[in-house]
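Novice: Got a sequence here, can you model it:
(chains A and B)
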There are 2 protein chains.
Amino acid sequence: MRMPESEDALATLSGHYFQLFEDYLGDLLDTRGDGVPPRLWDSMAYSLRAGGKRLRPILCLAAAERSGVGPQKALPMAAAIEFVHTASLIHDDMPCMDDDDLRRGKPTNHRAFGEALALIAGDALLIWAFGYALTHLPRGGVSFEKALKAVAALAEASGPSGMCGGQVLDTDSESQSADDGFVYSVASAKTGALIRASVVTGALLGDISDTDLRCYYDYGMHLGLAFQIVDDILDVTRTKDELGKTPHKDEAQGKNTFVSVYGLDGAKRLAAESSEEACRAIEELFPEGDLLIDLAKSLADRKS
Amino acid sequence: MRMPESEDALATLSGHYFQLFEDYLGDLLDTRGDGVPPRLWDSMAYSLRAGGKRLRPILCLAAAERSGVGPQKALPMAAAIEFVHTASLIHDDMPCMDDDDLRRGKPTNHRAFGEALALIAGDALLIWAFGYALTHLPRGGVSFEKALKAVAALAEASGPSGMCGGQVLDTDSESQSADDGFVYSVASAKTGALIRASVVTGALLGDISDTDLRCYYDYGMHLGLAFQIVDDILDVTRTKDELGKTPHKDEAQGKNTFVSVYGLDGAKRLAAESSEEACRAIEELFPEGDLLIDLAKSLADRKS
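Specialist: Numbers count the residues shown, from 1 in each chain, chains lettered A, B, ... in the order given. Take a look at the predicted model:
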């Protein structure tokens, strides 16, 4: 499979973080788990190995290193975030949700393994995320307090008031609102919370002041917003081959998106503004040319 | 709705633990969550309020108190376990799994809220479980180390090698085995792991020796087995009204159960033996008449 342009660009940009995570995840998946039924492991590993940008793990490792924590120590946290993200994709693709056949250029999990196994694989990945990070962060030398707080932040971001809440706002017809701010609320919870948590959990593993943590938080918030706006733009401008998933789904499902609310040009302007806000949030912490700043710039221009 | 006999018996037997948990959960659900979409909260609360025996929270609170931890301090752990259990029931009932319309005498979650919301409500409950316990145990005075280890034990028990793994063995046609021990493997993972974790996580919150922890572990393991064997028996012997859910599902789905493998009388004998083993595991820790011992005896005789 050809690597979509933005994955390539992100991999190049983030250099050793991308490769460090890929190697770690690959080794972990090769263990096949202790006491895990083979079919369940295959289903979980299928979606984890399907590639993707690894944006969230890269953000976590980068934030950890900038808070004085070697990326090796932060890898269990980065893995946990990717498990949660992958679980959300598996469940999102299911027939009762987006009913999608294609993800990252391959059949979706339920198309490959059946609905029941896809449902359980998603659950297992969610639970494993928390168990894995809680067990392996302290083994790598992270204090119990820091490990607990970082993992709790991941749960907060992905749970009922975060990612899951956003999925409900995005898909549940009775939860729709005509408010101007609704599309922001959806994006902030559905996509933004986990991207924000990727940065914040990495930072929480280190010694960081409340002021600096706030900068990371704001950076993650604006970055997450930019990411979702670009997602909405790509849904209307790109082909299936370019995206690795089915395009034009938002319009078909009658979803409120940044494009439907602000138009294509309006959405492009908002994406650029959010990217700039993200850079501004950390400009006093890092020099121009820092990976986190370049990431924010490149994500607003991504092509898939 | 009439309370099934065994819920009544368990509530009476476990006295203040049952009521303590009901009051705690009721107050928690009345908060309606901060930033949680109302429809998502309603769906989660619907299944959490549907009653049930509250066996797992009771076991957790009882084990905690016997390890020197006041049950008030252990309540967030007990709640987390009930969240995980409830999430598993919501997802188990979905059309792609058991396709059940009735749970605890009420429409199943997806019958009441639709499949998409039921799917997300289950995910949200799983994530909330870990976030809630990690946040609220330390606030109640549990050390970060103890909170982290107890919550990690819950994840281990419910994840890919525990409850989720057991669900796959139970439902995935390609994961079946003709081995004599298969029905034990399924029961141990699908039902046993979470019941065992209820006792073990409670004990882990206190100061407990490895030897005593092993006793709790063995108690929970045998109790969980007894519970699943009785479940298999009730599936063939009770009516829908008595169970509050659809009976005779195992045979219709061609599942291997303790009844199908050992016959009804054989299963009854195994349930009694497992109950006795559970009592024996903790007989040196607690006097005859202790709640944990009476619970093991009563669960082998339960009627729903």
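Novice: Distance of the nearest residue to A:Glu284 once chain neighbours are set aside relative to A:Tyr184?
Specialist: Nearest residue to A:Glu284, sequence neighbours excluded (CB to CB, 6 or more residues apart in numbering or on different chains): A:Cys215, at 7.3 Å. Just so you know, the C-beta spots here come from the backbone N, C-alpha and C atoms, and that holds for glycine as well. In this view, A:Cys215 and A:Tyr184 are 21 Å apart by CB to CB, to the nearest Å.
Novice: These two: which has the busier surroundings?
Specialist: With neighbours defined as other CB atoms under 10 Å in any protein chain shown, A:Cys215 and A:Tyr184 compare such that A:Cys215 has more, 20 against 17.
Novice: these two touch, right, the more buried one and A:Leu285?
Specialist: Yes: here A:Cys215 reaches A:Leu285: they are 5.7 Å apart, a contact under CB atoms under 8 Å.
Novice: Tell me the spatial nearest neighbour of the closest residue to chain B within the stretch 1-150 of chain A, not counting adjacent residues.
Specialist: The minimum distance from the stretch 1-150 of chain A to chain B, using CB to the nearest CB, falls at A:Gly131 (2.8 Å). Among residues not flanking A:Gly131 along the chain, B:Ala155 sits closest, at 2.8 Å (CB to CB, 6+ apart).
Novice: other SSEs contacting the helix or strand harbouring the one you found?
Specialist: Using DSSP states H and E, B:Ala155 maps to helix B:144-158. Using 3 or more CB pairs under 8 Å, 6 or more residues apart in numbering or on different chains; DSSP states H and E as the contact test, the elements touching helix B:144-158 are helix A:115-139, helix A:144-158, helix B:71-92, helix B:115-139, helix B:193-204.
Novice: quick one, it and helix A:115-139 angle?
Specialist: If you take axes from the mean of the first three to the mean of the last three CA atoms, to 10 degrees, helix B:144-158 sits at 150 degrees to helix A:115-139.
Novice: what's around whatever residue of the stretch 151-300 of chain A ends up closest to chain B, how many residues?
Specialist: Per CB to the nearest CB, the residue of the stretch 151-300 of chain A with the smallest distance to chain B is A:Ala155, at 2.8 Å. Number of residues near A:Ala155 (other CB under 10 Å) recorded here: 26.
Novice: quick one: the strands in chain A?
Specialist: Counting by DSSP state E, one finds strands in chain A at the ranges A:102-103, A:106-107.
Novice: mean pLDDT lowest for which of those strands?
Specialist: If you rank the strands of chain A by mean pLDDT, strand A:102-103 sits at the bottom with a mean of 91.
Novice: List the neighbouring strands of it plus their orientation.
Specialist: Counting by DSSP bridges, the strands paired with strand A:102-103 are strand A:106-107 (antiparallel).
Novice: Now do the contacts for the residue lying closest to A:Tyr217 once chain neighbours are set aside.
Specialist: Using CB to CB, 6+ apart and skipping residues adjacent in sequence, the residue nearest A:Tyr217 is A:Val200, 5.7 Å away. By CB atoms under 8 Å, 6 or more residues apart in numbering or on different chains, the contact set of A:Val200 is A:63, A:153, A:157, A:213, A:216-217, A:220.
Novice: hmm, 7 Å instead?
Specialist: A:153, A:213, A:216-217, A:220 (CB atoms under 7 Å, 6 or more residues apart in numbering or on different chains).
Novice: picking that back up, right, and the residue of the stretch 151-300 of chain A closest to chain B touches B:Ile127 too?
Specialist: Yes: A:Ala155 is within contact range of B:Ile127, at 5.4 Å (criterion: CB atoms under 7 Å).
Novice: OK, contacts around A:Val261?
Specialist: A:Val261 is in contact with A:Val183, counting by CB under 7 Å, 6+ apart.
Novice: what about A:Gly15, how many neighbours?
Specialist: 11.
Novice: Show me the shaky parts of chain A.
Specialist: Residue ranges of chain A with pLDDT under 70: A:1-11, A:243, A:304.
Novice: try 90
Specialist: For chain A, the stretches with pLDDT under 90 are A:1-15, A:32-34, A:51-53, A:104-105, A:171-181, A:235, A:237-256, A:287-289, A:298-304.
Novice: Regarding it, what is its longest helix?
Specialist: Assignment by DSSP state H gives helix A:210-237 as the longest helix of chain A.
Novice: Check which helices and strands that one sits against.
Specialist: Under the contact criterion of 3 or more CB pairs under 7 Å, 6 or more residues apart in numbering or on different chains; DSSP states H and E, the helices and strands touching helix A:210-237 comprise helix A:193-204, helix A:249-252, helix A:258-281, helix A:291-300.
Novice: tell me the most buried of these?
Specialist: Comparing these by mean neighbour count (mean count of other CB atoms under 10 Å in any protein chain shown), helix A:193-204 comes out on top with a mean of 28.
Novice: the inter-axis angle of that helix versus helix A:210-237?
Specialist: Computed by the same axes, to 10 degrees, the angle between helix A:193-204 and helix A:210-237 is 150 degrees.
Novice: Now find how far off-centre helix A:193-204 is within its chain.
Specialist: The chain centre lies 10 Å from the centre of helix A:193-204; the measure is CA atoms, centre = their mean, to the nearest Å.
Novice: Can you dump the C-alpha atoms of that helix in CSV for me?
Specialist: Output in CSV follows, covering the C-alpha atoms of helix A:193-204 (Å, rounded to 0.1, in the frame of the first residue of the first chain):
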residue,chain,number,x,y,z
ALA,A,193,-9.7,15.9,23.6
LEU,A,194,-7.5,13.0,22.6
ILE,A,195,-5.0,15.1,20.7
ARG,A,196,-4.9,17.5,23.6
ALA,A,197,-4.4,14.6,26.0
SER,A,198,-1.6,13.2,23.9
VAL,A,199,0.4,16.4,24.6
VAL,A,200,-0.7,16.8,28.2
THR,A,201,-0.1,13.2,29.3
GLY,A,202,3.4,13.4,27.9
ALA,A,203,4.0,16.6,29.8
LEU,A,204,2.5,15.2,33.0
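Novice: could you check the angle helix A:71-93 makes with that helix?
Specialist: Computed by the same axes, to 10 degrees, the angle between helix A:193-204 and helix A:71-93 is 170 degrees.
Novice: most tightly surrounded among the strands of chain A?
Specialist: Of these, the one with the most neighbours on average (mean count of other CB under 10 Å) is strand A:102-103, at a mean of 20.
Novice: contact partners of it?
Specialist: Contacts of strand A:102-103 (CB under 7 Å, 6+ apart): A:50, A:89, A:93, A:108, A:245-246.
Novice: ok, 6 Å please
Specialist: Residues outside strand A:102-103 that contact it (CB atoms under 6 Å, 6 or more residues apart in numbering or on different chains): A:93, A:245-246.
Novice: Are stretch A:88-100 and chain B in contact anywhere?
Specialist: Yes: residues of stretch A:88-100 are located near chain B by CB under 6 Å from any CB of the partner chain, namely A:91, A:96-97.
Novice: Most neighbours among these, which one is it?
Specialist: Neighbour max across the residues of stretch A:88-100 next to chain B (other CB under 10 Å) = A:His91, 28 neighbours.
Novice: so what's it closest to, chain neighbours aside?
Specialist: A:Gly122 (4.5 Å).
Novice: quick revisit: from the contacts of strand A:102-103, which single one is nearest B:Ala79?
Specialist: Minimum separation from B:Ala79 among the contacts of strand A:102-103 (CB to CB) is found for A:Asp93, which lies at 30.7 Å.
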